[in-house]
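Visitor: I would like to see how this sequence folds:
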Amino acid sequence: MAEPMLSDNSGERRPTISDVSRCYRLLLGREVENVAVAGQQIVASKTVGDLFERIWHSQESARYRIGESFRSVPALLSESEAKDAARPEQLDQLWARTIDTWARRGFGSYYQWLGRNEVRFDGRNPKWNIEHALNSAETEAGELLEYCRRFGRAIKDTDKVAVFGAEAFRLGAVLAPLVGQYLHLEVVPSDLEFGAQALASRGYTNVLGAMVADLRGGNERFDLFYTVSALQYAPPPMIADLLRISLESLRPGGFLVCQLPCQLHGYSFDLDTHLSEVGTDPMGEIHALAQPEVFAILEAGHAVALGVVPDGRVGPLGISFTFIARKRA
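Guide: Model prediction:
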């Protein structure tokens with residue numbers, strides 16, 4: 001959330017009691033307790049700007065902003081309507097078009113804007129690039145392991161774990177030593193090749209790589225499926241199809257952790273229009289799938305939702321959630 005500005009340009013002068021009152025109302029949603037507390041704030045702040053930042057960065061202000069943000073969530077989510085299902089031939093078109101675009105462009109402009117795009121240094125030793133890619137996955141893999149711990153699904157050394165996303169091989173640096181088999185599902189052929197080289201350099205022999213489109217063959221079976229910052233770059237019918245395929249591929253009792261936006265400000269999607277825009281590049285955009293659709297897919301796939309966690313992964317663009325589900329035994 002961007003820091004709000006005071007209505008005047010007096011940030012460099014000494015604060016007054018009136019300034020403290022304004023900051024409290026704006027940043028805490030309440031009045032200052034008394035003159036003594038206002039005086040303490042004035043003494044601790046050299047300028048109005050310092051006062052503003054001091055209160056803005058307080059724990060109380062952070063909690064107030066979270067509460068205010070969540071007040072708007074129900075209304076925003078109600079704006080996200082279910083999309084018409086694609087016919088089989090339309091779904092084939094969507095897959096072909098999107099996979100082709102990913103192969104040419106990766107995940108588009110928003111991918112870099114959201115800070116996930118890793119820039120390779122051509123002048124560096126290839127070994128440095130490999131280590132840099134693998135080490136970048138520690139935080140994300142840690143989040144997955146924490147979700148598993150929190151929702152009672154310990155990673156087992158007999159598990160087959162599938163991860164879908166840009167450079168999905170990266171998480172293998174953490175997960176491959178913990179599981180029976182690690183499957184990284186890539187969107188770009190070069191990542192498939194680079195991933196094989198990178199994980200082989202660590203000596204892992206339990207790693208498989210495939211393009212995400214290969215899932216449509218229905219030949220994979222795994223115990224855990226994880227995807228973050230990936231589904232949102234597919235049009236809604238393709239997101240839904242990927243979720244259905246993932247659930248079909250999960251073994252009974254399997255665990256699914258997936259992130260996707262359920263609301264994007266000003267977003268709309270029309271399947272016929274999307275498919276008719278011949279010659280235009282559909283990337284540089286992200287997509288959303290309404291919450292009711294996600295829950296319907298989980299139910300149809302014999303999965304029970306264990307948790308829905310707001311994750312902020314699309315920043316100010318909309319509302320994103322991480323869904324945690326278990327397939328019924």
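
Visitor: which helices and strands does the strand or helix carrying residue 239 pack with?
Guide: Per DSSP states H and E: residue 239 is located in helix 236-249. When contacts are defined as 3 or more Cβ pairs under 8 Å, 6 or more residues apart in numbering; DSSP states H and E, helix 236-249 sits against helix 88-105, strand 160-164, strand 222-227, strand 250-264, helix 291-300. In this view, the C-beta of every residue, glycine as well, is placed from N, C-alpha and C.

Visitor: ok, now with 6 Å
Guide: Secondary-structure packing of helix 236-249 (3 or more Cβ pairs under 6 Å, 6 or more residues apart in numbering; DSSP states H and E): helix 88-105, helix 291-300.

Visitor: residue 321: which of the ones you listed is closest?
Guide: Closest approach to residue 321 among those (Cβ to Cβ): helix 291-300, 7.5 Å.

Visitor: give the rounded mean pLDDT of the helix or strand where residue 209 lies.
Guide: Assessed by DSSP H and E, residue 209 sits inside strand 207-211. Computed over strand 207-211, the mean pLDDT rounds to 95.

Visitor: now do stretch 75-85
Guide: Here the average pLDDT along stretch 75-85 is 74.

Visitor: tell me how far residue 148 lies from residue 73.
Guide: According to Cβ to Cβ, to the nearest Å, residue 148 stands 26 Å off from residue 73.

Visitor: of those two, who's got more company?
Guide: Per other Cβ atoms under 10 Å, whichever of residue 148 and residue 73 has more neighbours is residue 148, with 17 against 13.

Visitor: what secondary structure does that one sit in?
Guide: Secondary structure, DSSP: H, G, I helix; E, B strand; the rest coil: residue 148 is helix.

Visitor: what is the burial count for the residue lying closest to it once chain neighbours are set aside?
Guide: Counting by Cβ to Cβ, 6 or more residues apart in numbering, residue 155 is the residue found nearest to residue 148 once chain neighbours are left out, at 5.8 Å. Neighbours of residue 155 under the rule other Cβ under 10 Å: 17.

Visitor: quick check: residue 155 is in a strand.
Guide: No. Under three-state DSSP, residue 155 sits outside any strand and is assigned coil.

Visitor: least reliable of the helices and strands packed on helix 236-249 going by mean pLDDT?
Guide: helix 88-105 (a mean of 88).

Visitor: relative to strand 207-211, how tilted is that helix?
Guide: 110 degrees (axes from the mean of the first three to the mean of the last three Cα atoms, to 10 degrees).

Visitor: between helix 88-105 and helix 236-249, how big is the angle?
Guide: 100 degrees.

Visitor: so the residue nearest to residue 148 sits right up against residue 178, yeah?
Guide: Yes. Counting by Cβ atoms under 6 Å, residue 155 touches residue 178, with 5.2 Å between them.

Visitor: quick one: low-confidence ranges for the stretch 51-200 of the chain?
Guide: 82-84, 106-129 (pLDDT under 70).

Visitor: where do the helices sit along it?
Guide: Here the stretch 51-200 of the chain has its helices, by DSSP state H, counting those that start in this stretch, at 59-78, 88-105, 108-113, 126-135, 138-150, 172-175, 189-201.

Visitor: if you count neighbours, what's buried in the longest one?
Guide: Okay, so that is helix 59-78. Across helix 59-78, burial judged by 16 or more other Cβ atoms under 10 Å covers 61, 64-65, 77.
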